[in-house]
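**Q** sequence and computational prediction follow.
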Amino acid sequence: MSTHGKVAIATVGSIIMDLAVSTPRVPHTGENILAHAFRKGPGGKGANAAAAAARLGAGSFLVGGVGDDEFGREELAFLRQLGVDTSGVSVRGDSSTGIAVILVDDNRENTILVVLGANAELTAEGVGRSLGRLWSRLDALMVNFEVPEPVVAGVIHAANEHGVPVVLDAGPPRQYLRDTWRRAQVVSPNRMETEHLVGHPVENEAQLLEAAREILDAGPQAVVIKRGREGSLICTREGTEAVPIIDIERVDTTGAGDAFTSALTVGIAEGMTLQQAVRFGTAAGAVAVSRFGTMPAMPTRDEVDALLAGATG
């Protein structure tokens, strides 16, 4: 754990305004159906994770980009209200803030369309400058694939140079080269993202385990696969372990993976074992799915600790 008080975590990732529609089901091509409701709220895999880190008690720094527009100002205001340091977020007048159109069906599953906007304009050099003043303070770093590949590669390389552990949320699915991500200490994909990392279909549990080992062989110290209702799978060179979900009423699965990865990172930064950190992440993801929204649904430390205490009591 950090010697200067609470752990400090930097997140390099996307900042996206969520436009969510509750719908009976995802419409077919050319179909027009009546939806239940519409909600707008701040999100993005990077912003969600940074918000979760702050709510879980960490010093949270976000590096990313927004447009000089209403959505960008709303995102930054919400993040600052949660205690996230946004001084590493660039505001671009030549690009819009990213948006996501999220369809949540009656089975509480989501389908997402994303316009990256200013997130696509991030550069390795610019992100490097934003991180330059932070390296001596950081206990861990999170990065995801919702930013350009050179940014991901540059961040992981720089973190290795400074001895800061990296947790990579390997989403959303992207055809990024193994050299881009293989030096991350922990790689955490879901099933679909696992297929993209290994470059071939994964159709059953045996193939999923083989894929996890294939990712591990590329270089990371651990692979933590998020399997939704089936819990997560930890794969290290010492072996594999399945961690079940914490049963809770599911309302909206959007952002659950971001909460999981953030709590996993906080746990690692605090010196938890990998198994403890994954269990911590599992509880955070469970809290997130129990309510609507993305960033506003990120759990607090008290909520996660209470759920863990109830699950083990």
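**A** Received the coordinates, thanks.

**Q** contacting residues around residue 91?
**A** By Cβ atoms under 8 Å, 6 or more residues apart in numbering, the contact set of residue 91 is 65-68, 72, 76. Every residue, glycine included, has its C-beta placed from N, CA and C.

**Q** ok, residue 92 next?
**A** 65-68, 118, 121.

**Q** find the residue at the geometric middle of the chain.
**A** The chain has residue 258 as the residue nearest its centroid, 3.2 Å off, counting by Cα atoms, centre = their mean.

**Q** contacting residues around the nearest residue to that one once chain neighbours are set aside?
**A** Leaving aside its chain neighbours, residue 258 sits nearest to residue 48 (3.7 Å; criterion: Cβ to Cβ, 6 or more residues apart in numbering). Residue 48 makes contacts with 255, 258-259, 262, 294-295, 298, as judged by Cβ under 8 Å, 6+ apart.

**Q** in JSON lines, list the contacts of residue 92 along with secondary structure.
**A** Converted to JSON lines, the contacts of residue 92 look like this (DSSP: H, G, I helix; E, B strand; the rest coil):
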{"residue": "65", "secondary structure": "strand"}
{"residue": "66", "secondary structure": "strand"}
{"residue": "67", "secondary structure": "strand"}
{"residue": "68", "secondary structure": "coil"}
{"residue": "118", "secondary structure": "helix"}
{"residue": "121", "secondary structure": "helix"}
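
**Q** tell me which strands and helices whatever helix or strand the residue nearest to the centre of the chain lives in is in contact with?
**A** Under the criterion of DSSP states H and E, residue 258 resides in helix 256-269. For helix 256-269, the elements it packs on are strand 8-12, helix 45-55, strand 140-144, strand 166-169, strand 186-188, strand 222-226, helix 274-289, judged by 3 or more Cβ pairs under 8 Å, 6 or more residues apart in numbering; DSSP states H and E.

**Q** what's the local residue count around residue 90?
**A** Applying other Cβ atoms under 10 Å, we find 17 residues neighbouring residue 90.
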